[in-house]
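Novice: Sequence first, predicted coordinates after that:
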2 protein chains.
Amino acid sequence: MAWRFALALAPVASDDAREDFSDTFRPLDPGAPALPVGELSAQRGDGVFESLGVVDRHPQEVGPHLERLAASAALCDLPAPNPEQWRQAIRAAAAHAPITGEGVLKLILSRGVEHGATPTAWVTVADAADNSAVRERGIRLVTLDRGYALDVPTRAPWLLLGAKTLSYAVNMAAIREAKRRGADDALFVSSDGFLLEAPTANLILRIHGRFVTPLPAGGILHGTTQRSVFAHLERSGHDTAYEAIPVADLAKADAAWLVSSVRLAAPVTAVDGIRLAVDAPRTADLNRHLLSRRD
Amino acid sequence: MAWRFALALAPVASDDAREDFSDTFRPLDPGAPALPVGELSAQRGDGVFESLGVVDRHPQEVGPHLERLAASAALCDLPAPNPEQWRQAIRAAAAHAPITGEGVLKLILSRGVEHGATPTAWVTVADAADNSAVRERGIRLVTLDRGYALDVPTRAPWLLLGAKTLSYAVNMAAIREAKRRGADDALFVSSDGFLLEAPTANLILRIHGRFVTPLPAGGILHGTTQRSVFAHLERSGHDTAYEAIPVADLAKADAAWLVSSVRLAAPVTAVDGIRLAVDAPRTADLNRHLLSRRD
């Protein structure tokens, strides 16, 4: 992956209604020093983020990503982002993505410098890794206990389980543990035996022809890609549902995918060494949809 | 709080036995841009840290802090820090702390820049906040569910519960929640009803004359300050113990403290609105010890 571009954005009030926000952001050299050591993002993982796919310079699903950024900010008591300011910054940044092919655009909203009064924010653009093999050949998962019961997020909102925070050390550790076990990625399960999500992706299962995904209220991120896949499937007349899915239901699935903004739909070929069938035509259909221009 | 000094350190192999590491670190302006936006500390809270108290330019408990930094690094699959390199960097940084009075020295070891091959590290020095009132008047706590059962850390090491990672968004959210409820700090409890720790401090209770603290194996950080307090109490002939402490045992405590490297021993005056007695002479004795020169 190569960095292509970055910009620093000075967040303004969410109700600032000016038309042109271009003087609130400025280009940054992505390889050069940009953040002081007092940045709370770096000191405490204290901030929120989004990763958007960019296809042929078009940033995908900007609206849903900005809505989730705002929801994460609210859970973390950060000032509400100004959607139009971020839209303009995203547009400016996406112009530096690859002319053809796939890129990654990240939005980061940090609490700012320690003892400072204002949040800081930046946007980065990079080439996406080549995920074509993963989308065709698929990925092997291992289940890892996330340590929480399914009802914990509702009764303990300070655990920030629905927020996409910068505190991703556990997500990264889970991926390393999965690789140590010879798999490609992890699949978190609740301590009371329900399927949750992967460290950076949502799970979709097909069971008896229905497409089901774990309930966001169980402490997982409500995926922008999962929502786009469900909308696409519903338009083709398929049933979709959010459910509390016991781990044992994996055995009933006749296909499964991890879906996320950049890797898109990766078919699951095995969980804990138990093989799952891959529906190649359906997977190709999902990725065609995900690579199409989506707003 | 004012920043006083910072230095960037280029981590070397843990077994590098050279005598002088001074060419592996260099001063940084703590207010100036220093970290690129690709820093995994800032992007993912992916790194580990330590906060040391500094008294009259003497960094406290360097050995125990470096041991815990190494333990955290191991849990996170980061290269083992070279203790002598860090000792020399700490000595160089502590020379910039207040000549008299209290400072804070932070050690940060990050996984480095995304797709880079090496970790990055830095050390900061700042004035400490004035904690004298808190040490005398004490603090009110509210219990908050940490969401994990006491046995989770042992069976799920990928949750990094014994590591002091940069992913502190939940710790910060818990402190904000405590303040919203009119308290000064939070006290985490396990989902199965055992006392754990505060977001940035350990708990010590005195029950029937014994000093007890929750078991580190329950997913809390083994506190350098708690260990120093226990050693001090043992030298004066007091009994100390690590135990699984049910929340209900708070009612049996005739005194309680939160202890940490910078705030030191803060007597607990109330938990969830239920008052606790303050032992002012014992508190003063603990803080005299903690402010003395400790190695």
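Specialist: Received, thanks.

Novice: Only C-alpha atoms from now on, for both contacts and neighbour counts.
Specialist: Will do.

Novice: now residue A:36, nearest residue through space, not along the chain?
Specialist: Spatial nearest neighbour of residue A:36, excluding adjacent residues (C-alpha to C-alpha, 6 or more residues apart in numbering or on different chains): residue B:33 at 4.3 Å.

Novice: how many other residues sit next to that neighbour?
Specialist: Residue B:33 is flanked by 16 other residues according to other C-alpha atoms under 10 Å in any protein chain shown.

Novice: Then residue A:265?
Specialist: Residue A:265 is flanked by 32 other residues according to other C-alpha under 10 Å.

Novice: do the same with residue A:67
Specialist: When neighbours are counted by other C-alpha under 10 Å, residue A:67 comes out with 14.

Novice: For chain B, see how far away it is.
Specialist: 20 Å (C-alpha to the nearest C-alpha, to the nearest Å).

Novice: Secondary structure of that residue: a strand, I assume?
Specialist: No: using DSSP: H, G, I helix; E, B strand; the rest coil, the assignment for residue A:67 is helix, not a strand.

Novice: circling back: and what about the residue nearest to residue A:36, helix, strand or coil?
Specialist: Quick answer, by three-state DSSP: residue B:33 is coil.

Novice: before we move on, what SS does residue A:269 have?
Specialist: strand.

Novice: is it true that it touches residue A:142?
Specialist: No: with contacts counted by C-alpha atoms under 8 Å, residue A:269 stays clear of residue A:142, the gap being 11.1 Å.

Novice: Looking at these two, which one has more neighbours?
Specialist: Between residue A:269 and residue A:142, counting by other C-alpha under 10 Å, residue A:142 is the more crowded of the two (23 against 20).

Novice: give me every residue that touches the residue nearest to that one when sequence neighbours are not counted.
Specialist: Nearest residue to residue A:142 in three dimensions, chain neighbours excluded: residue A:272, at 4.6 Å (C-alpha to C-alpha, 6+ apart). Shown in contact with residue A:272 (C-alpha atoms under 8 Å, 6 or more residues apart in numbering or on different chains): A:140, A:141, A:142, A:143.

Novice: got a pLDDT number for the first one?
Specialist: Spelled out, it's residue A:140. If you check residue A:140, the pLDDT there is 98.

Novice: Go ahead and measure how far the helix or strand that it is a member of is from the middle of the chain.
Specialist: Assigning secondary structure by DSSP states H and E places residue A:140 in strand A:139-145. Between the centre of strand A:139-145 and the centre of its chain there are 18 Å (C-alpha atoms, centre = their mean, to the nearest Å).

Novice: Mind listing residues that contact the helix or strand following it?
Specialist: Toward the C-terminus, strand A:139-145 is succeeded by helix A:152-155 as the next helix or strand (DSSP H and E). Contact partners of helix A:152-155, identified using C-alpha under 8 Å, 6+ apart, comprise A:159, A:160, A:161, A:162, A:217, A:218, A:219, B:147.

Novice: ok, then the element right after helix A:152-155?
Specialist: Trace forward from helix A:152-155 with DSSP H and E and the next one is helix A:169-180.

Novice: how distant is the helix or strand that comes right after that following helix from the center of its chain?
Specialist: The C-terminal neighbour of helix A:169-180 among helices and strands, as given by DSSP H and E, is strand A:185-189. Centroid separation between strand A:185-189 and its chain, computed with C-alpha atoms, centre = their mean, is 15 Å.
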